[in-house]
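*Asks:* only geometry, no sequence info:
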């Protein structure tokens with residue numbers, strides 16, 4: 001069974017060097033060890049080679065924990081980085097793109113049927129217009145205004161998120177300023193998971209923050 005078939009987006013970490021006070025791979029290792037199920041490398045300041053190096057280190061940490069077959073390692077936007085990393089022998093499982101990035105059918109063409117392709121969509125119209133056969137999940141947000149995603153169009157209420165979860169033919173993961181005390185209400189919307197950046201990467205103790213988030217989600221979902 002491919003990792004695409006086993007994809008779990010219930011606890012999804014988005015991370016880049018600009019978000020971290022310590023190394024990306026160390027925070028990824030702590031989060032995955034505490035139960036995070038999906039990792040996306042997202043950086044607007046790193047070069048392609050820097051991102052490939054980061055992916056290599058993160059893939060090694062996930063492998064060390066024995067979770068290469070269950071925890072997906074993705075890249076935001078940069079299809080070229082995914083392809084180059086794979087050429088270097090790094091296990092990268094797919095890509096996440098936005099509405100103005102490389103089209104999902106192009107991503108699918110180059111990455112193949114066993115890879116994961118996620119798409120940002122924050123309205124019923126965008127979800128309805130997307131070809132769900134080409135993608136594996138929708139990334140939705142923002143729940144709150146956040147400094148790590150300044151191009152988010154708007155914030156969404158829990159009622160709006162519940163509507164999106166209901167109409168979506170594929171899983172939905174929600175982020176954008178998500179904090180521990182949001183998870184009870186977020187789980188009640190019946191979305192499939194949450195994604196965070198600063199709630200883990202900006203925490204004084206990233207491991208403890210990851211543990212608390214995963215524990216809360218499992219309790220309420």
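*Replies:* On my side now, so go ahead. In this text, all values refer to a predicted model and were calculated from it rather than measured experimentally. Numbering: from 1, shown residues only.

*Asks:* Flag every buried residue along the one helix or strand residue 110 maps to.
*Replies:* Per DSSP states H and E, residue 110 falls inside helix 104-111. Under the neighbour-count criterion of 16 or more other C-beta atoms under 10 Å, helix 104-111 has 104, 107, 108, 111 buried. Just so you know, the C-beta spots here come from the backbone N, C-alpha and C atoms, and that holds for glycine as well.

*Asks:* okay, the residues you listed in CSV with distance to residue 188 next?
*Replies:* As requested, the buried residues of helix 104-111 are exported to CSV (distance: C-beta to C-beta, whole Å):
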residue, distance to residue 188
104, 29
107, 32
108, 33
111, 34
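
*Asks:* Could you count how many residues lie near the closest residue to residue 141 other than its chain neighbours?
*Replies:* Setting aside the residues directly before and after it, residue 141 is nearest to residue 176 in space (C-beta to C-beta, 6 or more residues apart in numbering), at 3.2 Å. When neighbours are counted by other C-beta atoms under 10 Å, residue 176 registers 23.

*Asks:* Which members of the buried residues of helix 104-111 are the farthest-apart pair?
*Replies:* Using C-beta to C-beta, the buried residues of helix 104-111 span at most 10.1 Å, a distance reached by 104 and 111.

*Asks:* by contact count, what packs against the longest helix along the chain?
*Replies:* The longest helix of the chain (DSSP state H) is helix 48-64. Using 3 or more C-beta pairs under 8 Å, 6 or more residues apart in numbering; DSSP states H and E, the elements in contact with helix 48-64 are helix 24-33, strand 38-41, strand 72-76, helix 79-87.

*Asks:* In this structure the residue nearest to residue 141 contacts residue 139, no?
*Replies:* No - contact criterion C-beta atoms under 8 Å: residue 176 and residue 139 do not qualify, at 9.5 Å.

*Asks:* Can you give me the pLDDT of the residue nearest to residue 201 when sequence neighbours are not counted?
*Replies:* In space, residue 201 comes closest to residue 19 once its chain neighbours are excluded; the distance is 4.2 Å by C-beta to C-beta, 6+ apart. Per-residue confidence at residue 19 stands at 92 (pLDDT).

*Asks:* low-confidence ranges in this structure?
*Replies:* 148-153 (pLDDT under 70).

*Asks:* Okay, helices next: where are they in it?
*Replies:* Per DSSP H, the chain carries helices over the ranges 24-33, 48-64, 79-87, 104-111, 124-129, 158-167, 183-188, 198-201, 206-220.

*Asks:* Make CSV out of the ones you listed and add distance to residue 2.
*Replies:* What follows is the helices of the chain, written out as CSV (distance: least, C-beta to C-beta, whole Å):
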stretch, distance to residue 2
helix 24-33, 19
helix 48-64, 16
helix 79-87, 14
helix 104-111, 12
helix 124-129, 24
helix 158-167, 25
helix 183-188, 27
helix 198-201, 27
helix 206-220, 24
